[in-house]
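Novice: What follows is a predicted structure for the sequence shown.
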Amino acid sequence: MNPFTRVANYEELNIIGTGAYGTVYKARDLKNPGKIVALKKVRVALTEDGVPMSTLREIALLKQLDAFKHPNIVKLLDVCHGQLERERQLVLFLVFEHLEEDLAGYLNRVGDRGMSPKTIQKFAKELMTGVDFLHTHRIIHRDLKPQNLLVSADEHIKLADFGLAKTYDFEMKLTSVVVTLWYRAPEVLLNQPYNSAVDIWSSACIIAELFSRRALFPGSSERNQLEKIFTLTGTPRHNQWPSEIPLLRDHFPHRSQKRPIDLCPELDEYANDLLTQMLVFDPCRRPPAIECLNHMFFLQEPI
């Protein structure tokens with residue numbers, strides 16, 4: 001039995017964007033006049049048995065997430081298939097709710113006037129609530145960035161683009177490099193095994209950006225990204241540096257540790273303390289999302 005409906009129920013209008021694993025289109029739902037959706041187009045190489053089990057697991061994961069109807073996770077509405085585009089290649093369409101704006105666009109739109117402390121706190125809390133939901137279900141997003149956080153018309157944050165999300169066991173480490181450069185954790189840049197702590201690092205970078213409306217670590221290459229990170233964390237000690245990589249610790253100038261507020265003066269003291277905990281070089285020392293949510297930054301007024 002085919003688990004997918006036909007894509008003929010949707011009319012593509014224009015391209016919203018392209019990601020690591022596919023293109024996203026704005027589309028019209030022909031069965032529900034006036035309803036606009038987001039179609040994520042993914043090409044899947046078929047195996048001798050048809051659609052690979054990894055793809056079926058990914059779709060099952062998305063449907064599992066959607067069953068909870070979490071307010072900070074974008075809704076999956078449908079899964080469709082298109083035609084075979086090339087030999088042994090199937091086109092799948094994941095149909096999501098459509099939101100007009102992502103956080104990157106929102107930050108550009110508010111511009112110099114910035115955001116109120118209440119909005120910053122609310123957005124940060126909704127980001128961490130979504131991350132906690134994923135981690136509770138043993139899912140690492142792995143590509144958190146402002147372009148993958150959607151802002152609803154009533155100004156709430158929803159996590160999107162789970163094309164890179166993977167379920168993980170507590171003992172498992174993931175090693176493929178996937179996270180967008182500016183939000184990439186140091187262990188990923190150093191090609192080390194990593195776990196859900198990469199989402200904590202990325203979230204901290206995004207929270208800082210809510211305050212300043214500029215990237216905290218806008219690196220131009222992987223090495224330059226590490227250099228920018230070390231201006232905050234300090235240069236790692238020799239016993240913290242992985243021995244099996246060609247990039248040597250001695251290639252980097254000595255840096256002393258600073259506070260996030262030194263790089264992002266717009267932070268308040270509570271935000272500075274929270275980001276100090278989240279932006280540590282050692283991933284084992286980063287607090288889990290639920291612990292972040294219990295920090296005074298989220299418990300103080302104005303929430």
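Specialist: Alright, I've got the coordinates.

Novice: From residue 109, how far off is residue 144?
Specialist: Computed with C-beta to C-beta, to the nearest Å, the distance linking residue 144 and residue 109 is 20 Å. The C-beta positions use only the backbone N, C-alpha and C, and glycine is treated the same way.

Novice: Of those two, which one has the most company?
Specialist: residue 144 (28 against 10; other C-beta atoms under 10 Å).

Novice: neighbours around the closest residue to the more buried one other than its chain neighbours, how many?
Specialist: Computed as C-beta to C-beta, 6 or more residues apart in numbering, the closest residue to residue 144 that is not its neighbour in sequence is residue 202, at 3.9 Å. Taking other C-beta under 10 Å as the criterion, the count of residues near residue 202 is 26.

Novice: and residue 202, what is it in contact with?
Specialist: Counting by C-beta atoms under 8 Å, 6 or more residues apart in numbering, residue 202 makes contact with 141, 144, 145, 179, 183, 184, 185.

Novice: Look at it and give its secondary structure.
Specialist: Three-state assignment for residue 202 (DSSP: H, G, I helix; E, B strand; the rest coil): helix.

Novice: where along the chain do the helices fall?
Specialist: 53-67, 103-110, 117-136, 186-189, 197-212, 222-233, 260-263, 269-278, 289-293, 296-299 (DSSP state H).

Novice: now the second one against helix 117-136, angle please.
Specialist: Between the direction of helix 103-110 and that of helix 117-136, the angle (axes from the mean of the first three to the mean of the last three C-alpha atoms, to 10 degrees) works out to 180 degrees.

Novice: what's in contact with helix 103-110?
Specialist: 101, 123, 145-147, 149-151, 157, 206, 209-210, 213.

Novice: at 7 Å instead, please
Specialist: With contact meaning C-beta atoms under 7 Å, 6 or more residues apart in numbering, helix 103-110 is reached by 146, 147, 149, 151, 157, 209, 213.

Novice: Just the C-alphas of that helix, formatted as PDB.
Specialist: Coordinates of each C-alpha in helix 103-110 appear next as PDB, following Å, rounded to 0.1, in the frame of the first residue of the first chain:
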ATOM      1  CA  LEU A 103      13.200  35.100  12.500                       C
ATOM      2  CA  ALA A 104      15.900  36.400  10.200                       C
ATOM      3  CA  GLY A 105      13.300  38.400   8.200                       C
ATOM      4  CA  TYR A 106      11.700  39.600  11.400                       C
ATOM      5  CA  LEU A 107      15.000  40.900  12.900                       C
ATOM      6  CA  ASN A 108      15.700  42.700   9.600                       C
ATOM      7  CA  ARG A 109      12.200  44.200   9.700                       C
ATOM      8  CA  VAL A 110      12.400  45.600  13.200                       C
END
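
Novice: low-scoring stretches of the stretch 101-250 of the chain, by residue?
Specialist: Flagging of the stretch 101-250 of the chain using pLDDT under 70 yields the residue ranges 162-179.

Novice: Could you pull up the residues touching the residue nearest to residue 279 when sequence neighbours are not counted?
Specialist: Excluding its sequence neighbours, the residue lying closest to residue 279 (C-beta to C-beta, 6+ apart) is residue 204, at 4.9 Å. Going by C-beta under 7 Å, 6+ apart, residue 204 touches 275, 278, 279.

Novice: burial count for the first one?
Specialist: Close neighbours of residue 275, defined as other C-beta under 10 Å, add up to 27.

Novice: residues contacting it?
Specialist: Contact partners of residue 275, counting by C-beta under 7 Å, 6+ apart, are 204, 207, 208, 260, 267.

Novice: hmm, try it at 6 Å
Specialist: Contact analysis of residue 275 by C-beta atoms under 6 Å, 6 or more residues apart in numbering lists 204, 260.

Novice: one step back: in CSV: the contacts of residue 204, plus pLDDT and distance to residue 116.
Specialist: What follows is the contacts of residue 204, written out as CSV (pLDDT from 0 to 100; distance: C-beta to C-beta, whole Å):
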residue, pLDDT, distance to residue 116
275, 98, 19
278, 98, 22
279, 98, 24
